[in-house]
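Trainee: After the sequence you'll find the predicted model.
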Amino acid sequence: MLLLQTCLSEGKGYHFPACHILCVSGFRILFDFPLDLSALTVFSPIPIEPLTKYHEEKCPESFESTQIKRRKIEKSLVADDLIHAEPYFKTIKNLQSWNISFIDIVLISSPMGMLGLPFLTRNKGFTAKIYVTDAAARLGQLMMEDLVAMHKELRLVYGPGQSGGPQWMKWNELEFLPVELKEVILGKDGTDFGGWMPLYSADDVKECLHNVRSLKYGEEVCYNGTLLIKGLSSGLEIGSCNWSITTPKGKIVYLSSSIFTSEICMNFDFLPLQGSDVFLYSDFTITNKGNIEDDIGSSSLVADDSSENDEIGVVVNSLANTAESTEETEKLSFLCSCALDSVKSGGSVLVAIGRIGIMIQLLEQIAVLLESSDLEVPIFVISSVAEELLAVSNIIPEWLSKQRQDRLYSGQPLFAHVELLKRKRVHLFPEIHSCSLLKMWQEPCVIFCPHWSLRIGPAVHFLQRWCGDPNSLLVMEEGVDPNLSLLPFNPMEMKVVQCSFLSGIASTKIKPLMKILQPTCVLFPEKMGKIIGNLNQSSSMIYYSENQTVLVPKPKSVSELNIAVELASLLQCANIGKEDLTVARLKGELSVERGQYHLLMQKEQALSSQKRPLLYFGRVDINLLEEALKKMGVIAAATPEAMDTSPRSENVHMLQVLEPVKALIEVTESETVVSTSDEFLAARISEAVRNILYVV
């Protein structure tokens, strides 16, 4: 199985997952196409004061104004340094070096990995099949529609885009940007600029969804009769999955960021991933943490071989332990207590978190905590897709955890927000300027709204309102630089809590996981080499880095061929000399179905050994040939070496026939050539050659 792997992007965690391309069995498979929404922090949010910097008519710059710009770069970053223009969105720039018309399949592992798809589907040359789980497809659709709706507000402020591109993208403008902004826009190596694009439209989203094929949990789909594709829960988020791809020559597993246990969604379903030929490990959680040295030390906890004799069940239980989920619960409880303290002191709470599962848990727990404290504080969820988002979470039970499914079987709602909405403890509004919201408005309050980058959407307006209130609280998640994201709201008197949540496999669990799955070949990120060390098992390891193509060697396992019973009964096997090898000749129709080769009887006629020519094989021994000819009355002799003027290799042997008619026999390792004008003699020589060969 020839397999080429290229990592187009390592990503930046949950909100910007990794992106890969695999070339296998003649097909190109693209895994995920996200947007780097954290890069939006280089843009200014909707300003309170009128714009002056980018809406004034610019005159040619003098040497003095250039010096002013240079001095500006050297001072501390301030809100005025941000780009005051309609935001562009950062895509996977390395994909631009590929011809997207050659992509055959796109596999989406999470809702976040789906956000860049309209950039692909609106391209006329794009014809690939897109597969995504039904839950991720629905959530991804809502995220894209909400992104377009939030971006619309900025387009109203800045007006239609310029035909020649925005002013901030001019090289003479980029040159004088502060270092912090330049690194986000151009990347550390200065090559990321080509990935910036204006956001797609609502029509682009609709067209994209027409090309998406959604899959139920564990549903198998066969592509072109050759690849058998199945998505299994990764535990990271509702609808997030890992991919199992069965080809005629082996099994491939694509492991995205995964979590073993989850309170909201189904746990990491890793046992069906056992026994793969190629295992692509694409969880960059450890390397994105920035504390690799700590992980190296912790990984030594499983470095010994004492667990080699443990039962698989024991290892499985150790992987599924609840220590991580307990820590997650403690984080949520801490956030809820901080929210309660702010409300009691008269401040409001703004929750700007983009993870659906975390947002739902906080919504439930804060509501219960406020109610138990006898505080009549309204909770608002403000988003253009708020109502649909909470409704979707109740119609996909197969992707939810066992605890949530048990509620369904007992007749209870899957989530507490259903009851909270009925009792009007939680209120949903599509936009901040809704008349219903203005009539109901009350402070202090608790607000759940996008966007976590703090650049677009209702969150911007609430931050501008409360940033000077020391009693109010902002809850944000890891994924953006807090100094840069909060820059437009300085001086920031508001309390800020930034929290990281589980988003991948811990280093201590990698080796036990590989012990259970036992893949033949594992592809690991190069940065993880120091962390995982030697797996101490039979798996071979290959390390890859970003934007470099890796050739995966062919596995030693032999591909299976299913032969029809009626065809197998016609096999006539023959042994090859003293070698322990048996061969047989077959003739039939070869087909590929659901990732397996099948050899069937020909429909036109039944095969029989009498109606087919015999197949001869083996090497022609020059001495045996001379003896066989002598028995047939043909006198031949090997020509002297001096007479052999052939320019070919020394493995060429010549026999000169003297009687009854002159002829020349030329023998090589691959063929025997007879040169004579007598057809009868040529037939006799051919028969002699066949007599010393093996037949099937």
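Mentor: Good, I have the coordinates.
Trainee: Just the helices from the stretch 251-400 of the chain, written as ranges.
Mentor: Assigned by DSSP state H, counting those that start in this stretch, the helices in the stretch 251-400 of the chain fall at 285-289, 292-299, 312-319, 323-344, 356-372, 386-392.
Trainee: so which of those helices comes closest to Gly250?
Mentor: helix 312-319 (22.6 Å; Cβ to Cβ). No exception for glycine: its C-beta is placed from N, CA and C like everyone else's.
Trainee: Any chance of CSV for the helices of the stretch 251-400 of the chain, columns mean neighbour count?
Mentor: Below are those laid out as CSV (neighbours: other Cβ atoms under 10 Å):
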stretch, mean neighbour count
helix 285-289, 20
helix 292-299, 15
helix 312-319, 14
helix 323-344, 16
helix 356-372, 20
helix 386-392, 18
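Trainee: weakest of the ones you listed in terms of mean pLDDT?
Mentor: In terms of mean pLDDT, the lowest-scoring of these is helix 292-299 (a mean of 43).
Trainee: out of the helices of the stretch 251-400 of the chain, which comes closest to Pro660?
Mentor: Closest to Pro660 of those is helix 312-319 (Cβ to Cβ; 76.2 Å).
Trainee: if we can go back for a sec, please tabulate the helices of the stretch 251-400 of the chain in CSV, including the columns distance to Leu8.
Mentor: Shown next, in CSV, are these (distance: least, Cβ to Cβ, whole Å):
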stretch, distance to Leu8
helix 285-289, 16
helix 292-299, 22
helix 312-319, 30
helix 323-344, 29
helix 356-372, 26
helix 386-392, 29
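Trainee: List the buried residues for the strand or helix carrying Leu664?
Mentor: Per DSSP states H and E: Leu664 is located in strand 663-667. Neighbour counts over strand 663-667 (16 or more other Cβ atoms under 10 Å) mark 663, 665-667 as buried.
Trainee: Let me know the closest of these to Val550.
Mentor: Of all these, Val667 has the smallest distance to Val550: 44.9 Å, by Cβ to Cβ.
Trainee: Could you check how far Leu236 is from Ser110?
Mentor: The gap separating Leu236 from Ser110 is 6 Å, by Cβ to Cβ, to the nearest Å.
Trainee: Between the two, which contacts overlap?
Mentor: Any residue near both Leu236 and Ser110 by Cβ atoms under 8 Å, 6 or more residues apart in numbering counts here, and that gives 256-257.
Trainee: Might one say that Glu478 is in contact with Ser485?
Mentor: No - proximity of Glu478 to Ser485 does not meet the contact threshold set by Cβ atoms under 8 Å, at 11.3 Å.
Trainee: more crowded one of the two?
Mentor: Ser485 (23 against 16; other Cβ atoms under 10 Å).
Trainee: Throw the buried residues of strand 663-667 into a markdown table and include distance to Leu570, thanks.
Mentor: Compiled in a markdown table, these are given as follows (distance: Cβ to Cβ, whole Å):
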| residue | distance to Leu570 |
| --- | --- |
| Ala663 | 38 |
| Ile665 | 35 |
| Glu666 | 36 |
| Val667 | 33 |
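Trainee: closest to Arg425 among these?
Mentor: Among those, Val667 lies closest to Arg425 (Cβ to Cβ), at 93.8 Å.
Trainee: Surely Ser453 is within a helix?
Mentor: No - in this structure, Ser453 is coil, not part of a helix, as judged by DSSP: H, G, I helix; E, B strand; the rest coil.
Trainee: ok, it touching Val42?
Mentor: No - the criterion here is Cβ under 8 Å, and Ser453 misses it with Val42 at 10.3 Å.
Trainee: how far away is the closest residue to Ile396 other than its chain neighbours from Ala128?
Mentor: Excluding the flanking residues, the one nearest Ile396 by Cβ to Cβ, 6 or more residues apart in numbering is Ala135, at 4.5 Å. Applying Cβ to Cβ, the value for Ala135 to Ala128 is 21 Å.
Trainee: higher neighbour count, those two?
Mentor: Legend: neighbour count by other Cβ under 10 Å for Ala135 and Ala128, higher for Ala135 (29 against 20).
Trainee: Helix, strand, or coil at the more buried one?
Mentor: Per three-state DSSP, Ala135 ends up helix.
Trainee: Return the residues in contact with it.
Mentor: 238-239, 392, 396, 399.
Trainee: out of the residues you listed, what pair is the most spread apart?
Mentor: Among those, Val392 and Trp399 lie farthest apart (Cβ to Cβ), at 10.5 Å.
Trainee: any idea where the helices of the stretch 401-550 of the chain begin and end?
Mentor: So, for the stretch 401-550 of the chain - with DSSP H, counting those that start in this stretch - the helices run 402-409, 417-422, 435-440, 458-466, 482-485, 510-517, 529-532.
Trainee: could I get these as a markdown table with distance to Leu22?
Mentor: Output for the helices of the stretch 401-550 of the chain, formatted as a markdown table (distance: least, Cβ to Cβ, whole Å):
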| stretch | distance to Leu22 |
| --- | --- |
| helix 402-409 | 33 |
| helix 417-422 | 39 |
| helix 435-440 | 47 |
| helix 458-466 | 38 |
| helix 482-485 | 35 |
| helix 510-517 | 18 |
| helix 529-532 | 21 |
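Trainee: Right, I'll call it a day here.
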